[in-house]
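1. Need coordinates for the following:
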Amino acid sequence: MRIAIFVVAISATALAQSAAPSGDAKNGKKLFAADGCYQCHGYEAQGAAPTGPRLGPKPIAFAQFQKYVRQPTGQMPPYTVKSIPDKDLADIYAFLVSLPAPPAADSIPALK
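-> Numbers count the residues shown, from 1 in each chain. Reported below is the predicted structural model:
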């Protein structure tokens with residue numbers, strides 16, 4: 001008797017998205033602006049070297065994201081559950097996941 005073993009490769013993005021709670025990306029975009037995330041990370045979470053890293057379009061796993069928001073190790077201030085409830089954080093994460101990938105550099109005429 002033969003036993004077949006199948007291995008399924010799961011991308012890091014798919015794994016991060018499947019482990020994240022469901023959230024409302026539209027509300028997350030509003031919260032991203034209202035909570036001031038854009039001030040360091042930009043309105044499209046693109047980041048900037050002097051202020052804050054890029055957060056999207058392929059964010060880190062939700063568990064890591066949540067841990068860092070609650071207990072950051074860098075210059076970012078901590079955001080407690082009182083300041084950003086878990087549901088709001090899930091909405092912000094859904095916004096980050098929803099961001100489209102930027103176009104390839106070679107598809108932009110000015111960069112050729």
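
2. ok, now how distant is T51 from Y68?
-> Noted for T51: a distance of 16 Å to Y68, by Cβ to Cβ, to the nearest Å. In short, each C-beta sits where N, CA and C put it, glycine included.

3. try L89
-> L89 sits 11 Å away from Y68, going by Cβ to Cβ.

4. who has more neighbours, the two?
-> A direct count of neighbours by other Cβ atoms under 10 Å for L89 and Y68 places L89 higher, at 23 against 15.

5. For this protein, give me the ranges with low pLDDT.
-> Within the chain, the set of residues satisfying pLDDT under 70 comprises 1-19.

6. Do a quick rundown of the helices in it.
-> With DSSP state H as the criterion, the chain has helices at 12-19, 25-34, 38-41, 62-70, 86-98.

7. from those, which stretch is densest packed?
-> helix 86-98 (a mean of 21; mean count of other Cβ atoms under 10 Å).

8. what angle sits between that one and helix 62-70?
-> Between the axes of helix 86-98 and helix 62-70, defined by axes from the mean of the first three to the mean of the last three Cα atoms, to 10 degrees, the angle is 120 degrees.

9. Give me the contact list for helix 86-98.
-> Outside of helix 86-98, the residues within contact range by Cβ atoms under 8 Å, 6 or more residues apart in numbering are 16-17, 20-29, 31-32, 35, 37, 45, 55-57, 59, 62, 65-66, 69, 79, 84.

10. So which residue is dead centre in this structure?
-> Most central in the chain under Cα atoms, centre = their mean is P59, positioned 3.3 Å from the mean C-alpha point.

11. does that one really touch F65, like I thought?
-> Yes. Look at P59 against F65 with Cβ atoms under 8 Å: they come within range, at 6.0 Å.
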